[in-house]
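Visitor: this one's sequence-less:
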């Protein structure tokens with residue numbers, strides 16, 4: 001899962017004028033790979049070039065979030081005994097915004113990751129929303145916009161801070177076209193698997209017996 005989490009920057013096509021979007025062929029998009037090749041049983045690809053581009057951007061976004069979610073599910077499934085006394089939230093830091101103290105030990109005692117998530121104070125949930133909104137806004141305001149020929153899913157300042165701030169260019173821009181295309185396909189494949197995995201983790205923890213051969217919090 002982690003191999004594609006960075007892919008290190010998603011399928012990026014060369015910038016092209018909006019007038020050229022009409023030539024965008026779904027069957028030629030990155031991600032059409034073995035064992036299924038181009039697989040679209042419901043015909044979602046039979047739409048406008050702009051809608052198809054939007055679908056790809058949404059797929060990348062959801063795949064990246066799902067990869068992070070799967071790693072979180074796995075990490076949080078193990079006891080946090082070594083960090084039991086480490087505070088996760090302290091009301092004394094924000095007395096006007098929160099009245100809840102939470103430690104990693106509290107999370108471990110809650111059981112599975114779904115129950116642990118419920119312990120996050122409201123202020124913490126607002127922080128999640130703020131960060132997600134910041135990333136979304138940053139991506140939508142890049143020029144040219146991905147629906148107008150810009151790169152899809154390319155948030156270099158957020159996803160590639162080392163390359164952008166230290167090297168002055170994204171690390172993926174230093175890769176050969178062949179290696180970069182391979183990594184983009186890896187990201188798409190891992191993201192798709194992670195979306196299924198995240199749904200499986202959620203079902204397992206919320207509906208007893210919904211996932212065969214998996215029991216308890218693991």
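Guide: On my side now, so go ahead. Treat the numbers as computed from the prediction; the structure is a model and nothing was measured.

Visitor: Show me where the protein has its strands.
Guide: Per DSSP state E, the chain carries strands over the ranges 87-89, 102-103.

Visitor: hmm, who's touching the last one?
Guide: Spelled out, it's strand 102-103. Contact with strand 102-103 is made by 84-89, 119-121, as judged by Cβ atoms under 8 Å, 6 or more residues apart in numbering. Backbone N, C-alpha and C define where each C-beta goes, glycine included.

Visitor: what about it, average pLDDT?
Guide: Taken as a whole, strand 102-103 has a mean pLDDT of 84.

Visitor: Off-centre distance for that strand?
Guide: Remark: strand 102-103 is offset 26 Å from the chain centroid, using Cα atoms, centre = their mean, to the nearest Å.

Visitor: strands paired with it, and their directions?
Guide: strand 87-89 (antiparallel) (DSSP bridges).

Visitor: Residue 67 and residue 58, how far apart?
Guide: Per Cβ to Cβ, to the nearest Å, residue 67 is found 15 Å from residue 58.

Visitor: got JSON lines for the strands of the chain, with distance to residue 196 and mean neighbour count too?
Guide: Converted to JSON lines, the strands of the chain look like this (distance: least, Cβ to Cβ, whole Å; neighbours: other Cβ atoms under 10 Å):
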{"stretch": "strand 87-89", "distance to residue 196": "29", "mean neighbour count": "17"}
{"stretch": "strand 102-103", "distance to residue 196": "31", "mean neighbour count": "18"}
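
Visitor: Reformat the ones you listed as CSV; add distance to residue 114.
Guide: Output for these, formatted as CSV (distance: least, Cβ to Cβ, whole Å):
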stretch, distance to residue 114
strand 87-89, 16
strand 102-103, 16
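
Visitor: out of the ones you listed, which comes closest to residue 187?
Guide: Distance to residue 187, taken as Cβ to Cβ, is lowest for strand 87-89 among those, at 30.2 Å.

Visitor: which stretches of this structure have low pLDDT?
Guide: 1-24, 79-81, 156-170, 214-218 (pLDDT under 70).

Visitor: what ranges do the helices span in it?
Guide: With helices called from DSSP state H, the chain shows them at 2-5, 49-76, 104-110, 113-117, 122-140, 156-159, 161, 177-206.

Visitor: Can you add distance to residue 96 and mean neighbour count and give those back as CSV?
Guide: Shown next, in CSV, are the helices of the chain (distance: least, Cβ to Cβ, whole Å; neighbours: other Cβ under 10 Å):
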stretch, distance to residue 96, mean neighbour count
helix 2-5, 36, 16
helix 49-76, 29, 18
helix 104-110, 22, 17
helix 113-117, 24, 18
helix 122-140, 10, 12
helix 156-159, 30, 16
helix 161, 32, 11
helix 177-206, 34, 17
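
Visitor: export those to JSON lines and tack on distance to residue 29?
Guide: JSON lines is the format used below for those (distance: least, Cβ to Cβ, whole Å):
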{"stretch": "helix 2-5", "distance to residue 29": "16"}
{"stretch": "helix 49-76", "distance to residue 29": "7"}
{"stretch": "helix 104-110", "distance to residue 29": "40"}
{"stretch": "helix 113-117", "distance to residue 29": "33"}
{"stretch": "helix 122-140", "distance to residue 29": "19"}
{"stretch": "helix 156-159", "distance to residue 29": "20"}
{"stretch": "helix 161", "distance to residue 29": "28"}
{"stretch": "helix 177-206", "distance to residue 29": "9"}
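
Visitor: does residue 66 really touch residue 202, like I thought?
Guide: No: shown here, residue 66 and residue 202 do not form a contact pair, counting by Cβ atoms under 8 Å, at 10.5 Å.
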